[in-house]
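Asks: coordinates only, sequence not included:
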């Protein structure tokens, strides 16, 4: 199982920085991935029912969204595509063409549960504290917030159906960042320097 998920760095990278859900990342198609423009459209997801996996639309209308990509994420995805093309050539006629960005080495779809399992294994291997794969999505929101994104920006990035969901989940993130933003905003307003004390003679 680990070998079939050997080339998933770009998947973790995408979730960490842009906050896709597990099923959205596993269901992402190359036809909805526009690296030259630095954006992806989240149009499909893989859903697990029992152990069966099927493709479905995002959970809500807001879940179907277009997300801008930073240059590091674009580079990670481009390197991933080169590796996938090499795998396709190596497997030849045995390659399973699914059109997915993230696949097993033979092109078959990733099972979302196996992705979670591999994430847990990696955390244990490198000695990270116990965290959930879904926590990477929270981390993406935290990073966006720290970079100055407001709740509406984060709502759109994460595909929440309501800004209330975003607010309930993320308003307590990084209070020190909120303070830094408040201080930065206050510094935009020019102020007169305090009067120097004078001594009369």
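Replies: The structure has been received and is ready for your questions. What you see is a predicted model; the values in this text were computed from it and never measured.
Asks: Residue 123 falls within a helix, correct?
Replies: Yes. Counting by DSSP: H, G, I helix; E, B strand; the rest coil, residue 123 is found in a helix.
Asks: what phi and what psi does the backbone show at the nearest residue to it once chain neighbours are set aside?
Replies: Closest residue in space to residue 123, ignoring its immediate chain neighbours: residue 131 at 6.3 Å, by CB to CB, 6 or more residues apart in numbering. Quick note: C-beta positions are derived from backbone N, CA and C, even for glycine. Backbone torsions for residue 131, taken as degrees, to the nearest 10, come to phi -130, psi 160.
Asks: Residue 131: neighbour count?
Replies: Neighbours of residue 131 under the rule other CB atoms under 10 Å: 13.
Asks: got it, and residue 147?
Replies: Neighbours of residue 147 (other CB under 10 Å): 10.
Asks: Return the distance of it relative to residue 102.
Replies: Spatial separation of residue 147 from residue 102 under the definition CB to CB, to the nearest Å is 25 Å.
Asks: do the same with residue 151
Replies: Taking CB to CB as the measure, residue 151 falls 29 Å from residue 102.
Asks: So for those two, which sits in the more crowded spot?
Replies: Here residue 151 and residue 102 are set side by side on neighbour count (other CB under 10 Å), and the busier one is residue 102, at 22 against 17.
Asks: So for the helix or strand hosting residue 135, mean pLDDT?
Replies: When secondary structure is defined by DSSP states H and E, residue 135 falls within helix 133-146. Computed over helix 133-146, the mean pLDDT rounds to 87.
Asks: In it, which of the residues would be classed as buried?
Replies: Buried residues in helix 133-146, counted by 16 or more other CB atoms under 10 Å: 133, 136-145.
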